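*Asks:* Sequence first, predicted coordinates after that:
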Amino acid sequence: MKIVADNKIPFLKGVLESRAEVVYLPGDRISPAEVKDADALLTRTRTRCGAALLSGSAVKFVATATIGYDHLDTRWLEANGIGWTNAPGCNSSSVAQYLTSVLLNLAVEHQLSLCGRTLGVVGAGNVGAKVARVGAALGMRVLLNDPPRAEREGPAGFVELAQAAAEADFLTLHVPLTSGGNYPTRQLAGRALFEAMKSEAFFINSARGGVCDQAALKTALKRGKIAGAVLDVWENEPDLDPELLELVDFATPHIAGYSADGKANGTAMSVNALSRFFGLGLDNWYPDNVPLPEKCSATLPAAGSFEEKMLTAVNLTYDVREDTRRLRQSPAAFEQQRGNYPLRREFPAFSVHGADPETAGALRQLGFKINP
C-alpha cells in the first residue's frame, strides 16, 4: 500500500515503512497527482481534504494528527466511502500549559492576584475541562459555558455565554469552528461579546481564528472596552493583521498545542487509527523517542507572590513571551516558526525544589514533581 504523509508530522518517519510505501510532503504541496494512487493520507491542518484533492483518487482513509478537523470535508469523505479520523484531546494538556503561562504572565505583568478572580471557559470539552482545572489550581473561580454539553447533561454546572462574558476577568475560547447546527461558533466572539465584557477583563483565543471577529476585537482594544487580549489563532493564517499583532498582550503562531507530548499523542492516535483500518498491527504504537529538555528542574525563590513563584516554575516549561517575541520580530515567518518549533515538554517532565506548601499544592495539581 501507499501512504502520503505531511512531512511535519513528528515521530512518524520509520514507523510505517515496513508496512507501506510512505511519501512525505509539505502539507501545502500535497496535490491530486500525489494522492491519486495512495491508499491513505496522514495530514495536519494545512491540507484541505475534500473533492478537489481526493476525487478520483484511491484514498480510502484520511487521518489528521490534530484535534481540529475543519480542513476535512467530512460530509464528502463519508459520502464517498472514505474513512477519516482526527485526534481529539491529543494536545489538550499542551493547551492547558499554554493557558497557565498566559494567565500567570498576565497576572505578574499587571500585578494581579489570580486567587478569587473569575476564569470564563467557553467550550468545556477535552481542552476546556483541563483549562478549568488550571483555573482551580490557581485559586480562581471558574465558569463553564458549553451549550451542547448543557443540553446533553443538564444545565447544572454551566452558565450562559452572556454570564461568562459579563463576570469573567479572563475569558478563554476552546470551541471548534462550526458554521451550522444549533450552536455555530464562527465569529462567536464579536462586538456583542466584547461589549458585554468588563473593561478590566482579558480575552484569550487559542481555539480557531474564525471563532473571533478580529475587526471587533481590534475596536474593543483600541477603545478600551477590554483590558487586553491574547491570540494564538488568527483569521487568514498565516497572513496576520499587523495592527492587531501589536495591540494584543501576547501573540503566538498557532502553537498552543505544540508540546512534544501533544504531538506524540496526535501522531500515535493517527497511526493507531490507520493500523486498525488496514490491519497493520500498530494499534498500540507510541513514540519511544520523545526528547527531554536540557533543564528539567528549578528551585523556586523564597520571596515573592504566589503568582511570581508559580511563574518561575511554569516558565521553566514554557514561556509565552518567547513565542510572542519571535512572532513580532518576524510575522512573515509564521509557518516557519510552526514548522521548526523548539522542543517543549509538559509539566510532568519537570520537578521543582523549595516550594512553600501553597505553591507546592498548586504545582502538584498541574502535574509537576515536587522535591524537598
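*Replies:* Thanks, I have the structure now. Numbering: from 1, shown residues only.
*Asks:* avg pLDDT for the host helix or strand of Gly262?
*Replies:* Using DSSP states H and E, Gly262 maps to helix 260-278. Per-residue pLDDT values across helix 260-278 average out to 97.
*Asks:* distance between it and the chain's centre?
*Replies:* 17 Å (CA atoms, centre = their mean, to the nearest Å).
*Asks:* For the next helix or strand after that helix, enumerate the helices and strands it packs against.
*Replies:* Note on helix 260-278: by DSSP H and E, the next helix or strand toward the C-terminus is strand 297-299. Judged by 3 or more CB pairs under 8 Å, 6 or more residues apart in numbering; DSSP states H and E, the packing partners of strand 297-299 are helix 306-317, strand 351-353. In this view, the C-beta of every residue, glycine as well, is placed from N, C-alpha and C.
*Asks:* quick check: angle from the next helix-or-strand element following the first one to helix 306-317?
*Replies:* Counting by DSSP H and E, the next helix or strand C-terminal to helix 306-317 is helix 320-329. Relative orientation of helix 320-329 versus helix 306-317 (axes from the mean of the first three to the mean of the last three CA atoms, to 10 degrees): 60 degrees.
*Asks:* for helix 320-329, which positions count as buried?
*Replies:* Neighbour-count burial for helix 320-329 flags Val320, Asp323, Thr324, Arg326, Leu327 (criterion: 16 or more other CB atoms under 10 Å).
*Asks:* In CSV: the helices and strands packed on strand 297-299, plus distance to Ala215 and mean pLDDT.
*Replies:* Below are the helices and strands packed on strand 297-299 laid out as CSV (distance: least, CB to CB, whole Å; pLDDT from 0 to 100):
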stretch, distance to Ala215, mean pLDDT
helix 306-317, 33, 97
strand 351-353, 42, 97
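*Asks:* Ok, which of the ones you listed comes nearest Val271?
*Replies:* With respect to Val271, and counting by CB to CB, the nearest of these is helix 306-317 at 26.2 Å.
*Asks:* Three-state assignment for Val134, please.
*Replies:* Judged by DSSP: H, G, I helix; E, B strand; the rest coil, the three-state class of Val134 is helix.
*Asks:* isn't it right up against Val95?
*Replies:* No: using CB atoms under 8 Å, Val134 makes no contact with Val95, being 9.8 Å away.
*Asks:* For the helix holding Gly262, name the packing helices and strands.
*Replies:* Using 3+ CB pairs under 8 Å, 6+ apart: helix 260-278 touches strand 40-43, strand 61-64, strand 83-85, helix 92-109.
*Asks:* Format the ones you listed as CSV; extra columns: mean neighbour count and distance to Pro348.
*Replies:* What follows is the helices and strands packed on helix 260-278, written out as CSV (neighbours: other CB atoms under 10 Å; distance: least, CB to CB, whole Å):
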stretch, mean neighbour count, distance to Pro348
strand 40-43, 26, 27
strand 61-64, 26, 26
strand 83-85, 18, 26
helix 92-109, 24, 9
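*Asks:* need those in TSV with distance to Gly27 and mean pLDDT, can you?
*Replies:* Shown next, in TSV, are the helices and strands packed on helix 260-278 (distance: least, CB to CB, whole Å; pLDDT from 0 to 100):
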stretch	distance to Gly27	mean pLDDT
strand 40-43	7	98
strand 61-64	10	98
strand 83-85	16	98
helix 92-109	20	98
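*Asks:* Export those as a markdown table, with columns for distance to Gly266.
*Replies:* Formatted as a markdown table, those follow (distance: least, CB to CB, whole Å):
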| stretch | distance to Gly266 |
| --- | --- |
| strand 40-43 | 10 |
| strand 61-64 | 8 |
| strand 83-85 | 11 |
| helix 92-109 | 10 |
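*Asks:* Compare those and report which one is nearest to Ile370.
*Replies:* Across the helices and strands packed on helix 260-278, closest to Ile370 is helix 92-109 (CB to CB), at 16.2 Å.
*Asks:* elements contacting that closest one?
*Replies:* Helix 92-109 packs on helix 126-137, strand 170-173, strand 202-205, strand 228-231, strand 250-251, helix 260-278, helix 306-317, helix 320-329, going by 3+ CB pairs under 8 Å, 6+ apart.
*Asks:* what's the average pLDDT for the shortest one?
*Replies:* Strand 250-251 shows a mean pLDDT of 98 in the predicted model.
*Asks:* Quick check: Ile67 vs Arg276, distance?
*Replies:* Look at Ile67 and Arg276: by CB to CB, to the nearest Å, they are 19 Å apart.
*Asks:* Also Leu231?
*Replies:* Taking CB to CB, one finds Leu231 at 37 Å from Arg276.
*Asks:* Repeat that for Pro301.
*Replies:* For Pro301, the distance to Arg276 - CB to CB - is 49 Å.
*Asks:* For the two, indicate the residue with more neighbours.
*Replies:* Ranked by neighbour count (other CB atoms under 10 Å), Pro301 and Arg276 place Arg276 first, with 14 against 10.
*Asks:* tell me the contacts of the residue lying closest to the more buried one once chain neighbours are set aside?
*Replies:* Of all residues not flanking Arg276 in the chain, Asp283 sits nearest, at 5.5 Å (CB to CB, 6 or more residues apart in numbering). By CB atoms under 8 Å, 6 or more residues apart in numbering, Asp283 lies in contact with Asn272, Ser275, Arg276.
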